[in-house]
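A.B. asks: model this:
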Amino acid sequence: MPKLIDLTGERFGRLTVVRKSTDKEQFKSTSARWYCLCECGTEKTFAAQALSRGFTKSCGCLDAEVKTKHGMYGTPTYRSWNSMIARCTNPKAPNFANYGGAGVTVNERWKDFASFFEDMGQRPIGATLDRKDSRGNYEPGNCRWATDTQQQRNKSSNHMLTANGETRCISEWAELTGIKKVTIRARVRKGWTHTAAVNTPPEPRRSRNAE
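C.D. replies: Here you go, the predicted model:
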């Protein structure tokens with residue numbers, strides 16, 4: 001049987017754990033439950049798993065407040081914001097290691113959904129939240145609503161070329177210039193400058209019948 005982790009004194013969102021619940025009649029569950037005090041003054045018990053995984057952040061007052069404040073609770077825009085907060089602040093989030101665990105933070109202003117919405121607007125259909133500089137943080141000026149293609153092109157693993165005052169991945173340069181990706185990539189490997197690699201038109205193919 002796994003050892004019980006004492007959550008007394010721990011804080012989860014607006015909840016502060018006061019003590020372990022011993023009311024076995026009311027809560028027939030294999031998961032330990034903890035008595036918590038919410039910032040609003042309400043006392044309730046919650047399962048340890050719900051607290052540690054970030055599923056529960058208040059006695060319910062937070063959800064009610066959000067719904068009343070902007071009416072966007074549960075919308076795609078709100079879900080994107082909530083996911084951003086979770087992966088940067090909650091060690092139990094599935095992808096925390098690649099975000100909060102890697103030093104990626106959320107701008108203090110954006111920890112409030114209303115402020116985030118004011119800066120980013122409504123999430124377009126088919127888009128997700130993306131950082132323009134994948135090495136940077138979630139903050140005004142470094143985020144956009146991007147399509148899946150844009151997200152894939154913005155991965156830190158992509159080979160980025162800087163030319164004509166712009167930095168783009170090879171796929172984008174190929175689309176813009178009409179030069180094949182394999183050609184641009186081969187030029188860079190041969191030591192061509194980025195500017196020359198994307199600006200030099202390819203030589204016309206010689207006809208087999210040319211003398």
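
A.B. asks: so what's the residue nearest the centre of the chain up against?
C.D. replies: Centroid-nearest residue in the chain: Met84, 4.2 Å away (criterion: Cα atoms, centre = their mean). Counting by Cβ atoms under 8 Å, 6 or more residues apart in numbering, Met84 touches 106, 110, 129, 138. Where C-beta positions appear, they are placed from N, C-alpha and C, glycine not excepted.

A.B. asks: helix/strand/coil for it?
C.D. replies: helix (DSSP: H, G, I helix; E, B strand; the rest coil).

A.B. asks: ok, now how distant is it from Thr77?
C.D. replies: 11 Å (Cβ to Cβ, to the nearest Å).

A.B. asks: also Thr89?
C.D. replies: 19 Å.

A.B. asks: if I pick Gly100, what's in contact with it?
C.D. replies: 87-91, 93.

A.B. asks: looking at those, which is nearest Gly9?
C.D. replies: Nearest to Gly9 among those: Pro91, at 17.3 Å, using Cβ to Cβ.

A.B. asks: for the closest one, what are its contacts?
C.D. replies: 100-101.

A.B. asks: now do 10 Å
C.D. replies: 52-54, 97, 100-101 (Cβ atoms under 10 Å, 6 or more residues apart in numbering).

A.B. asks: now the buried members of the contacts of Met84.
C.D. replies: Among the contacts of Met84, those classed as buried by 16 or more other Cβ atoms under 10 Å are 106, 110, 129, 138.
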